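**Q** I would like the atomic coordinates for the input below:
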Amino acid sequence: MKTEAAAALSLLSASAVRQRAQSLLAIGLEDGLPHFRIDLERLEKAADLVVETTREAYPDLEVPFHSRWRHFVVGRDDRWAAIEAATPWRDAAERARAAFDLAVTSVLLDAGAGPQWSYRDPATGIQVGRSEGLALASLAMFTSGAFSARPESPLRADAMALEALTVDTLSRHFQVSDANPLVGVHGRAELLARLGAAVAAKPEVFARADAPRPGGLFDHLATLAESRSIAAPVILRELLRHLGSVWPSRLNLAGVPLGDCWRHPAITTNDATDRLVPLHKLSQWLAYSLIEPLQAAGIQVTDIDGLTGLAEYRNGGLFIDTGVLILRDPGEVEHAHEVGSPLIVEWRALTVALLDKLAEIVRQRLHKDAVSFPLARVLQGGTWAAGRAIARKRRADGSPPIKVISDGSVF
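**A** Here you go, the predicted structure:
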């Protein structure tokens, strides 16, 4: 039997997310789950919507990876690309560290904003909500130097500056007010402060070539890239092991913080991981978002499908709104649920497992294979946009089909 420490570390992986999600799906297909029934015949309808959405957005089927970088594009204006091109970097590594700094801080600020918040883009004057608004706000905050400890070098995020970040500063940059409330604003500020502390505590990882900063993870990953190649699940593993202390105190096992990992009664094992279901949504979103900076620095990223789909409310909403997932108690939609409740854990895990099945159908219909069209493209094409589109048709405010109480640090 594994030691508790080994058992804990086994949960800090994409393979653990996929295995436990598939286990819950198998139980659900035997009608053994407490909250959801599953109608796999309806998966064809969900695939129809995803294929239609993908073809509309990308007629040539040249679909980029699902990552934070897509949200920095407004119309045809790729804002980070323009900043990157105009900056006189010393070398590719310096550029990659800055991109890592931006990706890490922006993704950590990306949990659901709530339906009432929006960001007024100074460049265009338009109001942008949800994930795209959070992206533009975080990009503007980053480029202003708000995360830098060096006034002469704004395009960086230093541990010292992150630890000193206040709720008031974050609220100002994100235009938060009584009339424009942002869900979990205190949790977001605390998350960045904990990021600063985590980075400062591990100089051997985050300060190999500079002062402690999230971007130092690039140098760490570069040392793991044999022959300038690294597998995507390795990126996630390193994120989970070295930034695990960033997440709010939830479940710990043998002193190892488990992050986005929750309990569900249907998962049974013969070791210390009994009833535990890892999901690691924001960490996987971040892993996807680090692929392109690594590639730009000349490091090949392999096994991209080793990561899983993202357990968030747009992907999950797609399956509920198309009838693949059916609540046993329809009344559950009338009230909000804690993110750690068995219902939400079940929904999120089933979402991960069903995305794998959906991806197979979508690829078949688009005449693509897993190599040319990995899950990262299916998500972008794709499931996330289709989930948002059907939500808008079903509910006037485009909200998810199930209300979730969020602290700004999960999804």
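
**Q** so where's this protein uncertain?
**A** In the predicted model, the chain carries pLDDT under 70 at residues 1, 249, 407-411.

**Q** max-length helix in it?
**A** The helix that spans the most residues within the chain, counting by DSSP state H, is helix 342-366.

**Q** For that helix, buried residues please.
**A** For helix 342-366, burial by neighbour count (16 or more other C-beta atoms under 10 Å) applies to 342-359, 361-363, 365-366. Where you see a C-beta, it was placed from the backbone N, CA and C, and this is true even at glycine.

**Q** just checking, what packs against it?
**A** Here helix 342-366 touches helix 14-29, strand 36-38, helix 43-57, strand 261-263, helix 313-321, strand 325-327, strand 337-338, helix 375-378, going by 3 or more C-beta pairs under 8 Å, 6 or more residues apart in numbering; DSSP states H and E.

**Q** quick one: that helix to chain centroid distance?
**A** Per C-alpha atoms, centre = their mean, to the nearest Å, the displacement of helix 342-366 from the mean C-alpha position of its chain is 16 Å.

**Q** now swap in stretch 237-252 and tell me
**A** Counting by C-alpha atoms, centre = their mean, stretch 237-252 is centred 14 Å from the centre of its parent chain.

**Q** With only the CA atoms kept, save it in PDB.
**A** Coordinates of each C-alpha in stretch 237-252 appear next as PDB, following Å, rounded to 0.1, in the frame of the first residue of the first chain:
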ATOM      1  CA  ARG A 237       2.700  18.200 -12.100                       C
ATOM      2  CA  GLU A 238       5.300  20.900 -11.500                       C
ATOM      3  CA  LEU A 239       2.500  23.500 -11.100                       C
ATOM      4  CA  LEU A 240       0.700  21.400  -8.600                       C
ATOM      5  CA  ARG A 241       3.700  20.500  -6.600                       C
ATOM      6  CA  HIS A 242       5.300  23.900  -6.500                       C
ATOM      7  CA  LEU A 243       2.300  26.200  -6.300                       C
ATOM      8  CA  GLY A 244       0.000  23.900  -4.200                       C
ATOM      9  CA  SER A 245       0.300  26.300  -1.200                       C
ATOM     10  CA  VAL A 246      -1.300  29.100  -3.300                       C
ATOM     11  CA  TRP A 247      -4.800  27.600  -3.000                       C
ATOM     12  CA  PRO A 248      -7.000  28.200   0.100                       C
ATOM     13  CA  SER A 249      -6.700  25.700   2.800                       C
ATOM     14  CA  ARG A 250      -8.900  22.800   1.900                       C
ATOM     15  CA  LEU A 251      -7.900  19.200   1.900                       C
ATOM     16  CA  ASN A 252      -4.400  18.200   3.000                       C
END
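
**Q** Could you shift the numbering so residue one becomes 601, and keep it that way?
**A** Will do, 601 is the new start, and the previous item becomes stretch 837-852.

**Q** Helices of the stretch 601-750 of the chain, start to end?
**A** Applying DSSP state H, counting those that start in this stretch to the stretch 601-750 of the chain gives helices spanning 604-610, 614-629, 643-657, 679-686, 692-708, 730-743.

**Q** what residues does the shortest one touch?
**A** Defining contact as C-beta atoms under 8 Å, 6 or more residues apart in numbering, one finds that helix 604-610 is touched by 602, 616, 841, 852-856, 858, 871-873.

**Q** Now it: buried residues?
**A** Counting neighbours by 16+ other C-beta under 10 Å, the buried set in helix 604-610 is 607-610.

**Q** before we move on, back to that, now the contacts of helix 604-610 in a markdown table, with distance to Glu938?
**A** Shown next, in a markdown table, are the contacts of helix 604-610 (distance: C-beta to C-beta, whole Å):
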| residue | distance to Glu938 |
| --- | --- |
| Lys602 | 29 |
| Ala616 | 23 |
| Arg841 | 27 |
| Asn852 | 19 |
| Leu853 | 21 |
| Ala854 | 25 |
| Gly855 | 25 |
| Val856 | 23 |
| Leu858 | 17 |
| Asp871 | 26 |
| Ala872 | 24 |
| Thr873 | 21 |
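
**Q** Kindly indicate which of those lies nearest Leu979.
**A** Of all the contacts of helix 604-610, the one with the least separation from Leu979 (C-beta to C-beta) is Ala616, at 19.6 Å.

**Q** contacting residues for that closest one?
**A** Residues counted as contacts of Ala616 (C-beta under 8 Å, 6+ apart) are 610, 878.

**Q** Let me know which of the helices of the stretch 601-750 of the chain is tucked in deepest.
**A** Across those, the average number of neighbours (mean count of other C-beta atoms under 10 Å) peaks for helix 692-708, which reaches a mean of 24.

**Q** who does it touch, helix- and strand-wise?
**A** Contact here means 3+ C-beta pairs under 8 Å, 6+ apart; on that basis helix 692-708 packs against helix 679-686, helix 730-743, helix 785-801, helix 816-824, helix 881-896.

**Q** so how far is that helix off the chain centroid?
**A** Its chain's average C-alpha position is 15 Å from that of helix 692-708, according to C-alpha atoms, centre = their mean.

**Q** what's the angle between that helix and helix 881-896?
**A** Helix 692-708 runs at 160 degrees relative to helix 881-896, counting by axes from the mean of the first three to the mean of the last three C-alpha atoms, to 10 degrees.

**Q** just to revisit the earlier point, quick one: closest of the helices of the stretch 601-750 of the chain to Thr902.
**A** In this view, those are compared for proximity to Thr902 by C-beta to C-beta, and helix 614-629 is the closest at 13.3 Å.

**Q** Compute the inter-axis angle for that closest one and helix 942-966.
**A** Using the same axes, to 10 degrees, one finds that helix 614-629 and helix 942-966 are set 100 degrees apart in direction.

**Q** could you turn helix 614-629 into CSV, dropping everything but the C-alphas?
**A** Only the C-alpha atoms of helix 614-629 are listed here, as CSV (Å, rounded to 0.1, in the frame of the first residue of the first chain):
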residue,chain,number,x,y,z
ALA,A,614,-3.8,14.9,-14.9
SER,A,615,-4.0,11.1,-15.0
ALA,A,616,-5.6,11.0,-11.5
VAL,A,617,-8.1,13.6,-12.6
ARG,A,618,-9.0,11.5,-15.7
GLN,A,619,-9.1,8.2,-13.8
ARG,A,620,-11.4,9.3,-11.0
ALA,A,621,-13.7,11.2,-13.4
GLN,A,622,-14.0,8.1,-15.6
SER,A,623,-14.7,6.0,-12.5
LEU,A,624,-17.6,8.3,-11.6
LEU,A,625,-18.9,8.2,-15.1
ALA,A,626,-18.9,4.4,-15.1
ILE,A,627,-20.9,4.4,-11.8
GLY,A,628,-23.3,7.0,-13.4
LEU,A,629,-23.8,4.8,-16.5
